[in-house]
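Q: quick one: sequence and predicted model below, then my questions.
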Amino acid sequence: MTQLINSFQSEWIKKRRSSAAWLTISGAFLIPAILTTKRVIQSETLAAANSSPKIWRLLYGQNWQFMSVFLLPMGIILAASLIAQIEYRNNAWKQVHTTPQSLTTIFLAKFGVTVIMLVEFFLLFNVGICLTGIVPALLFQDVPFPTSDFPFVPFLQGNSKFFVYCLPILSFQYLLSIHIRNFMVSIGIGFALLVASLIAVSWKYGYLIPYTYCSMQFLIHDNRIDPSVNILFWSTGYFLFFTILNYVLYLTKRNKG
């Protein structure tokens, strides 16, 4: 366990020098910043909106609607691809594999970094959602701070679902980035699957494409998705399958450099 923690710390330090770190931060605040700007421009409606008992649910829905359909999956595709490219770009895979740590430790440490980055994104994104409601009240004296109770439990439940829906994408893109030297190929495959998922999301068997799950969360409420489909089950299954497959392929890969 100590070796895994040390390896994770090393990978985290390397991550801070990559574009993936800035992508996580900027991506988390992009939609909240746009919606906050929109609210400030339409300042005549701010007072009534912030006084509404449904203000937090409204802001939550608006932010996630834009984020979940395209930007979140695309961000995961880019970030997961960039993490493994740190070694490919610096020709450092052979050096990594000569260090006194097992292949399992290396695999889990790198994968752990991508998962924690996703957690970091979710935390920052929810901070952004809160700021969407608070910032206008700081800028305009006649705009009150949201008076309704913050729906912590519904927020936590909703975020937990989206987090699980993201895991198959994260796991599959990590698989591609580990085994494909050219990161543009892994990004291209991910982008193609994302576009395919947007086309197939309302298809009867669209749940077979794991990139559709975040979009499905909203379409279920519009009665465009079969409610009997257990998205959490499929998402968890794909995540475990891709992770185990990736681990086996990594251990048995002949040329790891």
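A: The structure has been received and is ready for your questions.

Q: since we're on the residue nearest to S7 when sequence neighbours are not counted, how many residues are nearby?
A: Leaving aside its sequence neighbours, S7 sits nearest to A109 (C-beta to C-beta, 6 or more residues apart in numbering; 3.8 Å). Any C-beta I mention is one placed from the backbone N, CA and C, and that applies to glycine too. If you count neighbours by other C-beta atoms under 10 Å, A109 ends up with 21.

Q: tell me the contacts of A109?
A: A109 is in contact with 4, 7-8, 10-11, counting by C-beta atoms under 8 Å, 6 or more residues apart in numbering.

Q: got any ranges where the stretch 101-250 of the chain has weak pLDDT?
A: Segments of the stretch 101-250 of the chain classed as low confidence (criterion: pLDDT under 70) are 219-226.

Q: of the contacts of A109, which is the nearest to P154?
A: Using C-beta to C-beta, F8 is the member of the contacts of A109 that lies nearest P154, at 32.1 Å.

Q: which strand or helix spans the closest one?
A: Of the helices and strands defined by DSSP states H and E, F8 is found in helix 2-16.

Q: just L249 next, same as before
A: In this structure, L249 is located in helix 231-252 according to DSSP H and E.

Q: what lies in contact with that helix?
A: 103-104, 107, 111, 161, 164-165, 167-168, 170-172, 174-175, 178-179, 207-208, 210, 213, 216-217, 256.

Q: now those residues: which count as buried?
A: Neighbour counting by 16 or more other C-beta atoms under 10 Å classes 107, 111, 161, 164-165, 167-168, 170-172, 174-175, 178, 207, 210, 213, 216-217 among these as buried.

Q: identify, by residue count, the longest helix of the protein.
A: Criterion DSSP state H: the longest helix present in the chain is helix 103-139.

Q: including neighbour count, pLDDT and distance to N230, could the contacts of A109 go into a markdown table?
A: Output for the contacts of A109, formatted as a markdown table (neighbours: other C-beta atoms under 10 Å; pLDDT from 0 to 100; distance: C-beta to C-beta, whole Å):
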| residue | neighbour count | pLDDT | distance to N230 |
| --- | --- | --- | --- |
| L4 | 16 | 86 | 32 |
| S7 | 22 | 86 | 35 |
| F8 | 18 | 87 | 32 |
| S10 | 16 | 84 | 38 |
| E11 | 22 | 81 | 34 |
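
Q: including distance to Y247, could those residues go into TSV?
A: Listed next are the contacts of A109 as TSV, based on distance: C-beta to C-beta, whole Å:
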residue	distance to Y247
L4	14
S7	15
F8	16
S10	20
E11	16
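
Q: tell me which of the residues you listed is nearest to S51?
A: Nearest to S51 among the contacts of A109: F8, at 45.8 Å, using C-beta to C-beta.

Q: pretty sure Q3 is touching Q101, no?
A: Yes. Between Q3 and Q101 there is a contact under C-beta atoms under 8 Å: 5.7 Å.

Q: between these two, tell me which one has more neighbours.
A: Taking other C-beta under 10 Å, Q3 and Q101 do not tie; Q101 has more neighbours (16 against 13).

Q: now that one: how far from F150?
A: According to C-beta to C-beta, to the nearest Å, Q101 and F150 sit 43 Å apart.

Q: for I189, same thing?
A: To F150, I189 is 40 Å away according to C-beta to C-beta.

Q: ok, N63 next?
A: Going from N63 to F150 by C-beta to C-beta gives 15 Å.

Q: you'd agree I129 is up against P32?
A: Yes. With contact defined as C-beta under 8 Å, I129 reaches P32; the gap is 5.9 Å.

Q: got any residues that touch both of those two?
A: Common neighbours of I129 and P32, using C-beta under 8 Å, 6+ apart, are N63.

Q: residues in contact with the closest residue to A196 other than its chain neighbours?
A: Of all residues not flanking A196 in the chain, I209 sits nearest, at 6.3 Å (C-beta to C-beta, 6+ apart). In this structure, I209 makes contact with 193, 196-197, 200, judged by C-beta under 8 Å, 6+ apart.
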